[in-house]
Structure formats: C-alpha cells, structure tokens
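K.L.:
I would like the atomic coordinates for the input below:
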Amino acid sequence: MNKMILDKLIKYLREQIDIENISISGQTNLFYEKETESLQLSSIDFVKMILYIEKEFGIEYEFDTKVKTVNDLVDYVNIKKCNNEW
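P.N.:
A predicted model of the protein is given here:
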C-alpha cells in the first residue's frame, strides 16, 4: 500500500505544484530546508495537498501532525487508513 500512496502523492505534486528541476522521492523535504533538495511548498500548496489527500484516501488530516518529507505523509496516510478500517 505504501508504494501506491507514494506514487499518487508524487503524481499529484508533479501535476499540481509548480516545481522545476526537482526530483521527487520519498525522502524529498516538503518545506524549505537549507542545503537539501526540497519542494519549498507554500502554506497554500500544503493545504491544497492535504485536501487532495483527504479526498483521495478518505482520511481526515490532523493539522497538529508534524510531517517533513513525502515519506512522512505516506506513513501518516497509511496509519490513518489502517485505523479507519478497524
């Protein structure tokens, strides 16, 4: 399931966020981080992405959740989906 979630998130980021010359992987930082390749998402881009995640995966994002990388989001979605199935 993690691969499917990762693929969908990367596809969304490539299609919806204006990103140039950045290779996106699970380790990619979502926000600006000095001396690392990052997406540098704005707060508006982040909220749009969260709305997509909630709709696509049928979960509710808790905004006090700390995420830093694409993999952090994948793990979060996976945990929330597993919890919703119980």
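K.L.:
so what's Glu85 scoring on pLDDT?
P.N.:
pLDDT recorded at Glu85 is 57.
K.L.:
any weak-confidence spans in the chain?
P.N.:
By pLDDT under 70, the low-scoring segments of the chain are 20, 85-86.
K.L.:
rerun that using 90 as the cut-off
P.N.:
Across the chain, the ranges flagged by pLDDT under 90 are 1-2, 14-23, 32-40, 63, 81-86.
K.L.:
Please enumerate the helices of it.
P.N.:
2-16, 43-57, 70-85 (DSSP state H).
K.L.:
can I get those in TSV with distance to Thr28?
P.N.:
To be clear about C-beta, it is placed using only N, CA and C from the backbone, and glycine gets the same treatment. Formatted as TSV, the helices of the chain follow (distance: least, Cβ to Cβ, whole Å):
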stretch	distance to Thr28
helix 2-16	8
helix 43-57	13
helix 70-85	5
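K.L.:
Please name whichever of those is nearest to Glu35.
P.N.:
Closest to Glu35 of the helices of the chain, according to Cβ to Cβ: helix 70-85, at 18.3 Å.
K.L.:
List the buried residues of that closest one.
P.N.:
70-71, 73-74, 76-78, 80 (16 or more other Cβ atoms under 10 Å).
K.L.:
Before I go, just wanted to say thanks for your time.
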